[in-house]
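# could you work out the structure for the sequence below:
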Amino acid sequence: MNDSPAERRTGTGAASAPRPQDAPAPHGEIGEDAERGCLITRLAELQRSMGRFFARDRSMPLLASTLTMQQLKVVMFLSFAGSTSGQELARHLGVGLATVTGIVDRVVAQGLASRHEDPHDRRVRRVELTEAGRRLTSEIVEAGTGGYIRLLRRLDTETLRTMETVMRKIEDVMREMHAEDADPTGPTA
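As a prediction, the model looks like this:
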């Protein structure tokens, strides 16, 4: 194990040899379904490991925040959904409208969200992030992205090309799944 850091990064040294538990089974020894199951399990564990690694960076803006978990859920939901009614928030969080009202009151009091009348229905109050709320969610998201970029910079160009190809395929499948979720009558895998 005397590989240089460059050899470890690029996979050209002895450190790149597969560990015995990672080595694929000889052809025909296990079926394709079993192999796919093993691959999916290993990829899921790698994803969890990456999540733990990046959680350190992402936790910094969270630790500086005084938000409760429910308040954070509201702020993050608003960052993705935009202007939302209290009923939509309640449905998303799985709580009653009265509970959401109290949570939103506290988020508004912290200056992270504001309420306004729905222009199409004056009976409905909409909630959206303020500039401070958008800044907080951006800091949370970007904290993890910075660590990811630092990690990617350590990979060789060919690995980055391969990752881009794989990530584009994953993105295509995510779009398909999103379309299926939006249209429950569509095909399912």
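# all strands of the protein, in order?
Remark: strands assigned in the chain by DSSP state E are 84-85, 113-118, 121-129.
# so for the second one, what gets flagged as buried?
Neighbour-count burial for strand 113-118 flags A113, S114 (criterion: 16 or more other Cβ atoms under 10 Å). C-beta here means a position set from N, CA and C on the backbone, and glycine is covered the same way.
# repeat for stretch 123-138
R126, V127, E128, L129, T130, G133, R134, L136, T137.
# which of those lies closest to A98?
Closest to A98 out of these is V127 (14.8 Å), distances taken as Cβ to Cβ.
# check the gap between the closest one and Q110 for me.
13 Å (Cβ to Cβ, to the nearest Å).
# who are the contact partners of A132?
G111, L112 (Cβ atoms under 8 Å, 6 or more residues apart in numbering).
# who are the contact partners of R175?
By Cβ under 8 Å, 6+ apart, R175 has no neighbours at all.
# quick one: mean pLDDT for stretch 125-139?
For stretch 125-139, mean pLDDT is 93.
# no, scratch that, I was asking about stretch 163-178
95.
# run the chain-centre distance for it.
Offset of stretch 163-178 from its chain centre (Cα atoms, centre = their mean, to the nearest Å): 14 Å.
# and that stretch, what's buried?
So for stretch 163-178, nothing qualifies as buried (16+ other Cβ under 10 Å).
# circling back to that earlier point, just the buried residues of stretch 123-138 now: which is nearest P61?
When these are compared against P61 (criterion: Cβ to Cβ), the nearest one is L136, at 6.7 Å.
# the residue nearest to Q87 when sequence neighbours are not counted - how many residues pack around it?
Closest residue to Q87 apart from its sequence neighbours, by Cβ to Cβ, 6 or more residues apart in numbering: L97 at 6.3 Å. Using other Cβ atoms under 10 Å, L97 has 12 neighbouring residues.
# L97 reaches A90, doesn't it?
Yes - the pair L97 and A90 passes the contact test of Cβ atoms under 8 Å, sitting 4.8 Å apart.
# what are the ranges of the helices in this structure?
5-10, 32-64, 69-81, 86-93, 97-109, 131-152, 157-182 (DSSP state H).
# quick one: list the elements packing against the longest one.
What it means is helix 32-64. Here helix 32-64 touches helix 131-152, going by 3 or more Cβ pairs under 8 Å, 6 or more residues apart in numbering; DSSP states H and E.
# would you mind getting the angle between the helix it packs on and helix 69-81?
Angle of helix 131-152 versus helix 69-81, following axes from the mean of the first three to the mean of the last three Cα atoms, to 10 degrees, is 80 degrees.
# 624 is where my numbering starts, stick with that
Done: numbering now begins at 624, and the last item shifts to helix 754-775.
# for helix 754-775, list the C-alpha coordinates in PDB.
Extracted in PDB, the C-alpha atoms of helix 754-775 (Å, rounded to 0.1, in the frame of the first residue of the first chain):
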ATOM      1  CA  GLU A 754     -35.000  36.900   1.300                       C
ATOM      2  CA  ALA A 755     -33.600  35.800   4.700                       C
ATOM      3  CA  GLY A 756     -35.400  32.400   4.300                       C
ATOM      4  CA  ARG A 757     -34.100  32.000   0.700                       C
ATOM      5  CA  ARG A 758     -30.600  32.800   2.000                       C
ATOM      6  CA  LEU A 759     -30.800  30.200   4.800                       C
ATOM      7  CA  THR A 760     -32.000  27.400   2.500                       C
ATOM      8  CA  SER A 761     -29.300  28.400  -0.100                       C
ATOM      9  CA  GLU A 762     -26.600  28.100   2.600                       C
ATOM     10  CA  ILE A 763     -27.900  24.700   3.700                       C
ATOM     11  CA  VAL A 764     -28.000  23.300   0.100                       C
ATOM     12  CA  GLU A 765     -24.700  25.000  -0.900                       C
ATOM     13  CA  ALA A 766     -22.800  23.700   2.100                       C
ATOM     14  CA  GLY A 767     -23.200  20.100   0.900                       C
ATOM     15  CA  THR A 768     -22.400  21.100  -2.700                       C
ATOM     16  CA  GLY A 769     -19.100  22.600  -1.700                       C
ATOM     17  CA  GLY A 770     -17.900  19.400  -0.200                       C
ATOM     18  CA  TYR A 771     -19.100  17.400  -3.200                       C
ATOM     19  CA  ILE A 772     -17.200  19.700  -5.600                       C
ATOM     20  CA  ARG A 773     -14.000  19.300  -3.400                       C
ATOM     21  CA  LEU A 774     -14.500  15.500  -3.700                       C
ATOM     22  CA  LEU A 775     -15.000  15.600  -7.500                       C
END
